[in-house]
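# Output the structure for:
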Amino acid sequence: MGEILNNVRAQVLIDALPYIQKYNNKILVVKYGGNAMTNNELKQAVMDDIVLLSLVGVKVVLVHGGGPEISDMLKRLNIESKFIGGLRYTDEAAVDVVKMVLSGKVNKELVSLLTRTRGKALGLCGIDGHMLTAERKLGPNGEDLGFVGDIVKVNEQPILDALNNGYIPVIATVATDDFGQAYNVNADTAAARIAAQLRAENLILMTDIAGLLRDKDDPSTLIPFVNVSEVPFLKRKGIISGGMIPKIDCCVEAVRRGVKKTAIIDGRVPHSILIETLSNEGIGTQFR
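Residues are numbered from 1 along each chain as shown. All right, here's what the predicted structure looks like:
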């Protein structure tokens, strides 16, 4: 038994070798959210994956949101959560809470988890080093969303400084405009723009579904590879619909801006990041 296990163990490591070589010294951007962020076992698996990858020479950048935590804190402070066309309306009071929860609570919890997993992590947000510059974003029909931002510029220098000094940058997606006004920015979009600016090898978006499914109720209909040119057709057929649209738009945007490949993976599967990066099959849906 032990012999077989050692055999298998050696084989697994050898199989991973070409991928470790491929990613060595390359940048991998992971957008972390969903179930993997709330379930403690999954959370630990994500931290293990990130620390392992950074130890084998992959430059991992962790970008996170924190929607549920924000909603929770707004409720505790008796500030009403308003949504306009699926987007959170963010007034003056709410943007302060966003800043506090994302940069103060969620960001530091992730940094401390990575540190506990013996990784070298550095917590940043888009305000640090003028990393993310935003302007006011309007709703689909021109509605005012308050302090919700669209990213107009990414300054990658603070991220590169952290990476080149051996740190795993953990980035909360809060941005400012040129006057220092803070904005809440969608974490998927921010991850895509950051990955593009860093010319990342891969952008991974963690979600609570298996990937893009031909039939949304049947996990066996997973579409493993999508060429970005097929996306409009898949939207017309209704295969890409609802909450998947903005996520997939982020993937397409990232690929068009020079990220080698992007993937939407199932954060509910333990170690899905490792499976995606260090195996041939990968997991979820890849866009290229």
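# if you go through the stretch 101-250 of the chain in chain order, where are the strands?
Applying DSSP state E, counting those that start in this stretch to the stretch 101-250 of the chain gives strands spanning 121-125, 132-138, 144-154, 168-172, 174-176, 182-184, 202-207, 225-226.
# For those, please prepare TSV with the additional fields mean neighbour count.
The C-beta positions use only the backbone N, C-alpha and C, and glycine is treated the same way. Below are the strands of the stretch 101-250 of the chain laid out as TSV (neighbours: other CB atoms under 10 Å):
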stretch	mean neighbour count
strand 121-125	22
strand 132-138	19
strand 144-154	19
strand 168-172	27
strand 174-176	24
strand 182-184	26
strand 202-207	27
strand 225-226	18
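# out of those strands, nearest to A263?
strand 202-207 (5.2 Å; CB to CB).
# where's the helix or strand of the chain with the lowest mean pLDDT relative to the chain centroid, distance-wise?
Using mean pLDDT, DSSP states H and E, the weakest-scoring helix or strand in the chain turns out to be strand 87-89, at a mean of 78. Distance of strand 87-89 from its chain centroid, counting by CA atoms, centre = their mean, to the nearest Å, is 19 Å.
# Just checking: what are the partner strands of that strand?
strand 82-84 (antiparallel) (DSSP bridges).
# that older thread, ok, and for the helix or strand following the least confident helix or strand of the chain, which residues are buried?
Downstream of strand 87-89, the first helix or strand assigned by DSSP states H and E is helix 92-99. Neighbour-count burial for helix 92-99 flags A94, V95, V97, V98, K99 (criterion: 16 or more other CB atoms under 10 Å).
# so where is the chain shaky, pLDDT-wise?
Where the chain drops to pLDDT under 70, the residues are 1-2.
# The residue nearest to K137 when sequence neighbours are not counted pairs with what?
Spatial nearest neighbour of K137, excluding adjacent residues (CB to CB, 6 or more residues apart in numbering): D150 at 4.1 Å. D150 forms beta bridges with E135, as assigned by DSSP bridges.
# and the gap between D150 and L203?
Distance check for D150 against L203: by CB to CB, to the nearest Å, it reads 18 Å.
# any chance you could map the helices in the stretch 1-150 of the chain?
With helices called from DSSP state H, counting those that start in this stretch, the stretch 1-150 of the chain shows them at 2-23, 35-38, 40-55, 67-76, 92-99, 107-116.
# which residues are contacting the fifth one?
In this case it means helix 92-99. Residues outside helix 92-99 that contact it (CB atoms under 8 Å, 6 or more residues apart in numbering): 70, 73-74, 77, 79, 81, 88, 90, 125, 146-147, 174, 182-184.
# 6 Å instead?
Contact partners of helix 92-99, identified using CB atoms under 6 Å, 6 or more residues apart in numbering, comprise I70, M73, L74, I79, F147, V174, A182, N184.
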